[in-house]
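**Student:** Pasting a predicted model and its sequence here:
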Amino acid sequence: MIKFINNEEKYKNTKIKIARWVFTVLLICIGCLSYWVFFDENPFLKNTSPNQRSLVEITEYGNGFLFGSKNIKVYFKDAQGNTVQEEKIRVENIMEPNNKSLYDITWEDENRVKITMDYEGETKTLTYNFNTKRMKISTK
């Protein structure tokens with residue numbers, strides 16, 4: 001037997017297909033926007049040790065709509081580019097956007113680095129020793 005589909009059933013099936021398609025597109029857009037706002041990382045600042053064996057890389061993650069990213073990640077890497085350790089830091093700016101002039105990376109010797117972050121609200125200092133893999137964060 002041949003079953004005939006009337007116009008009402010065709011219309012109902014078409015509505016369901018369109019609703020599924022719209023829902024899928026909306027879900028993909030929300031997923032992409034969430035990734036961009038909360039997880040996207042952008043290279044920001046790099047500095048290599050005097051002997052070229054260690055690397056400090058600062059990236060912004062997340063995107064603030066008005067005043068730029070409010071979070072950074074500091075990666076400590078070896079000569080091969082492998083991440084030895086990482087640290088997430090909250091940017092303490094209210095009105096000023098995050099920019100490279102707020103950061104000062106100085107190498108105390110071949111294995112010790114000091115990163116000074118001069119924000120509006122406070123100044124943070126991060127020191128890291130590549131030999132002992134010890135990190136210290138202080139605020140002023």
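**Tutor:** Structure received. Numbering: from 1, shown residues only.

**Student:** buried stuff in stretch 56-66?
**Tutor:** Neighbour-count burial for stretch 56-66 flags Val56, Glu57, Ile58, Thr59, Glu60, Tyr61, Gly62, Asn63 (criterion: 16 or more other CB atoms under 10 Å). For glycine as for every other residue, the C-beta is placed from the backbone atoms N, C-alpha and C.

**Student:** Spell out which helix or strand contains the fourth one, please.
**Tutor:** Remark: Thr59 resides in strand 55-61, with elements defined by DSSP states H and E.

**Student:** Can you give the strand pairings for the helix or strand following that strand, parallel or anti for each?
**Tutor:** Using DSSP H and E, the helix or strand that follows strand 55-61 in sequence is strand 71-77. When sheet partners are counted by DSSP bridges, strand 71-77 sits next to strand 55-61 (antiparallel), strand 83-90 (antiparallel).

**Student:** Cool, thanks, talk later.
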